[in-house]
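Chemist: I would like to see how this sequence folds:
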Amino acid sequence: MYTDPEVAVVGHSETEAREAYDDVLVGRVPMSSSGRALSANKPAGYVKVVAAADAVGESIHSH
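Modeler: Modelled structure (predicted):
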């Protein structure tokens, strides 16, 4: 499914993750690095991923 603007949130918020896990990693990637966003002339915003540092390969939040 595609929406415009695209909207999705899955899992714990960053605050909830920090309360539930000892060590949390947070990554943000600007939409300006997405070819799709650039071709649609919508480079604003970012993708954020939150993961427990000891849960290799497991994301606990995406937004």
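
Chemist: all contacts plus neighbour counts: C-alpha atoms, from now on.
Modeler: Will do.

Chemist: Can you tell me the SS state at residue 19?
Modeler: What DSSP: H, G, I helix; E, B strand; the rest coil gives for residue 19 is helix.

Chemist: Could you give the number of residues near it?
Modeler: 12 (other CA atoms under 10 Å).

Chemist: Okay, residue 46 and residue 20: tell me how far apart.
Modeler: 24 Å (CA to CA, to the nearest Å).

Chemist: Settle it for me: which of those two has more neighbours?
Modeler: Counted by other CA under 10 Å, residue 46 and residue 20 do not tie: residue 46 has more neighbours, with 15 against 12.

Chemist: Tell me the confidence at the residue lying closest to that one once chain neighbours are set aside?
Modeler: Nearest residue to residue 46 in three dimensions, chain neighbours excluded: residue 30, at 4.1 Å (CA to CA, 6 or more residues apart in numbering). As predicted, residue 30 sits at a pLDDT of 90.

Chemist: Wait, residue 27 touches residue 49, no?
Modeler: Yes. Taking contacts as CA atoms under 8 Å, residue 27 lies within contact range of residue 49: 5.2 Å.

Chemist: of the two, who's got more company?
Modeler: residue 49 (20 against 11).

Chemist: From residue 39, how far out is that one?
Modeler: With CA to CA as the criterion, residue 49 and residue 39 are 23 Å apart.

Chemist: host element of the most centrally placed residue in the chain?
Modeler: Taking CA atoms, centre = their mean, the centroid of the chain lies closest to residue 48, which sits 2.3 Å from it. Secondary structure assignment for residue 48, by DSSP states H and E: strand 46-52.

Chemist: In the protein, where is pLDDT below threshold?
Modeler: 1-7, 56-63 (pLDDT under 70).

Chemist: So which residues of it form helices?
Modeler: Residue ranges of the helices in the chain, as given by DSSP state H, are 14-20, 35-39.

Chemist: So which of those is the most surrounded?
Modeler: helix 14-20 (a mean of 14; mean count of other CA atoms under 10 Å).

Chemist: So which elements touch that one?
Modeler: Applying 3 or more CA pairs under 8 Å, 6 or more residues apart in numbering; DSSP states H and E, one finds that helix 14-20 makes contact with strand 24-30, strand 46-52.

Chemist: If anything else comes up later, I'll come back, but that's it for now.
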